[in-house]
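# Using only what follows, build the 3D model:
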Amino acid sequence: MAHNHAHSHNHSHPDLKGRNLIISILLNIVITVAQVIGGLLSGSLALLSDALHNFSDVLSLIVSYIATIYAKKEASTNKTFGYKRAEIIAAFVNASALIIVAIILIKEAIERFLDPKFIASDLVIWLSLLGILANGFSVLLLRKDAASNMNMKSAYLHLFTDMLASVAVLIGGLLMKFYQVYWVDAFLTLGIALYLIYMGYDLLKDSTRVLMLFTPNTIEVTKIVQTISKIDKIKNVHHVHIWQLNEDEVHLEAHIDFDEDIKLSEFDAILDQIEEEVFHKYGINHVNIQPEYGKCDSKQLIVQD
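Numbering: from 1, shown residues only. Model (predicted):
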């Protein structure tokens, strides 16, 4: 069996990511405490819901930070992949938390619709402005890493949705102050919750696909088989497995049946060609091939359990 690691690129900066996460954690602790106090004093459910979301941000950011630390740990004999999946697990946990918080907010919003309360709008306005500024700064800190890292994207989404929630709370506070429209507090809470579900679902789905070893959406197994089968001396490609280990690594494992009993040096040359083809056409950077000649197993099964 031949195994090769090709074209692995990792441009992340764990130390910088960790620093940005710590700053965001501290900012969200300040916001959460301020909004809980303000929500209780003003009677605003939207402010309390925003505080709950901020508290979930704190927990999620801590999970993300721990994941970035573990992801840097070296592999060992009993952890041959190291902790490369730590950030994927963090993304899954954070996406789940977004949806759970949203369900809690929907319940609270319905109860407030049925029983509207007077709300001290001035406090709501000032604290929502604090939330916009602090979360906006955190969003800017994490935006770059969110584009290429699922864990950082989960943290970024928590902060971005919370910034939008603070904008909604500000609008609600202004409407309550100048027009005494107090039902808007519950309406905005419901809107925040639905948006959380919308944003969290895709991330939950993507992280689940990676954890379940599903083939990435961008890759078609049959096309890869066709590409490899066109290489000279290859008779058949079967028993194929393709999975994503983390943000940076996509693995291909397959059995290849050859037309003739080739030399090991010839196989190495063919393996190099396979690696170049699958990397440049499909982004696969880890290739594990089992060569076969005259072996009596099923050559028709492209994939197999």
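
# just the helices in the stretch 1-150 of the chain please.
For the stretch 1-150 of the chain, the helices defined by DSSP state H, counting those that start in this stretch cover 14-42, 45-71, 86-114, 121-146, 150-179.

# My error: substitute the stretch 201-305 of the chain in the last question.
221-229, 264-282.

# Of all these, which one comes closest to Ile31?
Nearest to Ile31, of all the helices of the stretch 201-305 of the chain, is helix 264-282, at 43.2 Å by CB to CB. Yep, even glycine has a C-beta here, placed from its N, CA and C like the rest.

# Name the residues that touch the closest one?
Residues outside helix 264-282 that contact it (CB atoms under 8 Å, 6 or more residues apart in numbering) are 2, 4, 6-7, 218-219, 223-224, 227-228, 231-234, 250, 252, 258, 262, 284-285, 287, 289, 291.

# Check stretch 212-222 too.
Against stretch 212-222 from outside (CB under 8 Å, 6+ apart): 209, 240-244, 250, 282-284, 302-303.

# send the alpha carbons of stretch 223-233 over as PDB?
What follows is stretch 223-233, C-alpha atoms only, in PDB (Å, rounded to 0.1, in the frame of the first residue of the first chain):
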ATOM      1  CA  LYS A 223     -15.500  11.800 -11.900                       C
ATOM      2  CA  ILE A 224     -12.400  11.100  -9.800                       C
ATOM      3  CA  VAL A 225     -12.700   7.400 -10.800                       C
ATOM      4  CA  GLN A 226     -12.900   8.400 -14.500                       C
ATOM      5  CA  THR A 227      -9.900  10.800 -14.200                       C
ATOM      6  CA  ILE A 228      -7.700   8.100 -12.500                       C
ATOM      7  CA  SER A 229      -8.800   5.400 -14.900                       C
ATOM      8  CA  LYS A 230      -7.500   7.300 -17.900                       C
ATOM      9  CA  ILE A 231      -4.000   7.000 -16.600                       C
ATOM     10  CA  ASP A 232      -1.900   4.400 -18.600                       C
ATOM     11  CA  LYS A 233      -1.700   0.900 -17.200                       C
END
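
# Name the residues that touch that stretch?
Contacts for stretch 223-233 (CB under 8 Å, 6+ apart): 234, 236-237, 240, 242, 252, 254, 256, 258-260, 262, 266, 270, 273-274, 277-278, 281-282, 284, 302.

# low pLDDT regions in the stretch 201-305 of the chain?
In the predicted model of the stretch 201-305 of the chain, residues 297-301, 304-305 satisfy pLDDT under 70.

# Tell me which stretches of it form strands.
234-244, 250-258, 286-292 (DSSP state E, counting those that start in this stretch).

# what would those strands look like in CSV with distance to Leu196 and mean neighbour count?
Shown next, in CSV, are those (distance: least, CB to CB, whole Å; neighbours: other CB atoms under 10 Å):
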stretch, distance to Leu196, mean neighbour count
strand 234-244, 26, 19
strand 250-258, 30, 20
strand 286-292, 35, 19
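
# and stretch 202-219, how far apart are its ends?
18 Å (CA to CA, to the nearest Å).

# That stretch: which residues count as buried?
Neighbour-count burial for stretch 202-219 flags 203-204, 206-207, 209-210, 215-216, 219 (criterion: 16 or more other CB atoms under 10 Å).

# Run the chain-centre distance for that stretch.
10 Å (CA atoms, centre = their mean, to the nearest Å).

# And stretch 141-156, by the same measure?
8 Å.
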